[in-house]
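S.K.: Fold the following and give me the result.
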Amino acid sequence: MKEHTGKNAPEALWKGRFAQDMNEAVCRFTQSLDLDWRTVEYDILGSVAHARMLGSVGLLTPEETGVIIRELAQIAREARDGTFVPKESLEDVHMNVEALLTARTGDAGAKLHTGRSRNDQANTTVRLTLRREILRLWGMMERLLGTLLDKAAEHADVIVPGYTHLQQAQPVSMGHFWMAHFQAFLRDARRLLDAYESADECPLGCGALAGSTLPLDREMTARELGFSKICENSMDAVGQRDYVIAFHYFAAVFGVHVSRAAEDLIVYFSSEFGWVKLPDAFCTGSSMMPQKKNPDVLEILRGKSGQLTGGLVDILTMIKGTPLTFNRDFQEDKRSLWRSCDTLTGMLEVLPPLLAEVGVDEEAAARGFADGFIFATDVAEHLVERGVPFRKSHEIVGNAVRRCVERNRALTSLSPDEWQTLAPQAAPDLPSLLTPHRSASRRDTFGGASPKQVRLQIESGRRKLARFQEDFTDLASRFPFPETE
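M.R.: The predicted model follows:
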């Protein structure tokens, strides 16, 4: 492949003011092709809309409009098949497309930049590309959320230990565990939708910072590009990157939620807990120790979350202290943006199929209930139902637990007579309440850990997921996909 050439192809479209050529090191340092070439089809999409608008307001003739649009379509095809190789000396994707267009169409191509700056052009291109990335990521998020709902239904009647401070606390349905993570990721879906809405404003026509003296029709370009809104202040439009921040915020919080879910499964899979079963296809072995089955995929998921947090810190630090309006710092906004998109893609490719195959060793989980101390709250609440003030019942049960620890006995080994001695208010059927399934099933308050409540949560979750799907489907229907999609 060769770099594109053409008669009168300019080396830099802003050189008129300058008497010296750019230093080669500066050229390498300031180019952004490694960041923005992936947006080439969306840059062309924005240019087509801009050309149509210029034609509609009389700044291009119909003939000029037609030749520009036809040639841009050809350039897009060449970008897709790899025959259009950009030139680093032209700095970025925008200059490369315009230079090739001008080389092929002459004055018509030279008119395309009428009424716009790279400031609003690049901003439009990134917004278009990011909106497409968000729609693609939503499809993967939907699969993750659906997988969690399916796991919750599969394990609604499976009872496992629940923890606070990583110490056994109370029995819970494993379905309740899955729904806890579902709720976190569902909030991430809301943040992803918010990020889309933040990017869904069209800055094209804002120019460098102050708009234009030309009769531009910004409403038309916004419609052409499927934007639902138009940026209302030209300085704000080119001088902010809030929509990038919004996406990074989604990504960072999502990464934290992935990391916490991975940590849970890593801990529960360990020999010391041992009641989560991970699929072989998502684990690896040891180069030295033949017995090892390592949760490497979960560990890498946990590790990659730091990259997503780093992207948020990167953009916040980059924007902080920059004066209005545009500053070249903003060129670097795409470095962590595309990295986060790619990191999210990798994470969402492996997480749903991994979760789909997670199993539970119910016998191993039951061993966690052996000393019966996990039922202490059940006893305290039983006494409350019998008229004992909670603080008093808490003290009674605490004394019972201490007595069992000192005598190396399980709390569930105490007979009705022993309970009568420790807590005269206890009913004779108290020991029968202290089983994992009875304990979890009695936690039947709204949002509680009982299998019944888990099934209600699943029904609610499916309705909420369907509403998000409707929202994203509507957004996708208004998005101007390139002809290849």
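S.K.: pull the longest helix from this structure.
M.R.: In terms of residue count, the longest helix belonging to the chain (DSSP state H) is helix 118-154.
S.K.: Okay, residue 384 and residue 415: tell me how far apart.
M.R.: Distance of residue 384 to residue 415, given as CB to CB, to the nearest Å: 22 Å. Where C-beta positions appear, they are placed from N, C-alpha and C, glycine not excepted.
S.K.: Now find how far off-centre stretch 251-266 is within its chain.
M.R.: Relative to its parent chain, stretch 251-266 has a centroid offset of 11 Å by CA atoms, centre = their mean, to the nearest Å.
S.K.: what's the residue nearest the centre of the chain in contact with, if anything?
M.R.: With distances taken as CA atoms, centre = their mean, the chain has residue 251 as the residue nearest its mean C-alpha position (4.1 Å). Taking CB atoms under 8 Å, 6 or more residues apart in numbering as the criterion, residue 251 is in contact with 308, 311-312, 340, 343-344.
S.K.: again with residue 349
M.R.: residue 140.
S.K.: which SS class is it?
M.R.: Classification of residue 349 by DSSP: H, G, I helix; E, B strand; the rest coil places it in helix.
S.K.: same deal with residue 182?
M.R.: The assignment at residue 182 comes out as helix when based on three-state DSSP.
S.K.: that older thread, in terms of neighbours, single out the busier of residue 384 and residue 415.
M.R.: The residue with the greater number of neighbours, taking residue 384 and residue 415 and applying other CB atoms under 10 Å, is residue 384; the counts read 15 against 9.
S.K.: Residue 421 and residue 396: what is the separation?
M.R.: Counting by CB to CB - residue 421 and residue 396 are separated by 11 Å.
S.K.: Looking at these two, which one has more neighbours?
M.R.: Counted by other CB under 10 Å, residue 421 and residue 396 do not tie: residue 396 has more neighbours, with 20 against 12.
S.K.: Tell me how the protein divides into domains.
M.R.: With automatic domain parsing as the criterion, the domains of the chain are listed as 15-114, 119-157+176-363+458-477, 373-433.
S.K.: will you turn these into TSV that also has distance to residue 441 and mean pLDDT?
M.R.: Output for these, formatted as TSV (distance: least, CB to CB, whole Å; pLDDT from 0 to 100):
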stretch	distance to residue 441	mean pLDDT
domain 15-114	53	92
domain 119-157+176-363+458-477	9	97
domain 373-433	10	95
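S.K.: which stretches of this structure form strands?
M.R.: The residue ranges that make up the strands of the chain, judged by DSSP state E, are 159-164, 167-173, 201-202, 229-230, 276-277, 359-360.
S.K.: For the fifth one, name the packing helices and strands.
M.R.: Read that as strand 276-277. Applying 3 or more CB pairs under 8 Å, 6 or more residues apart in numbering; DSSP states H and E, we find strand 276-277 packed against helix 242-269, strand 359-360.
S.K.: got it, and the last one?
M.R.: Judged by 3+ CB pairs under 8 Å, 6+ apart, strand 359-360 is in contact with strand 276-277.
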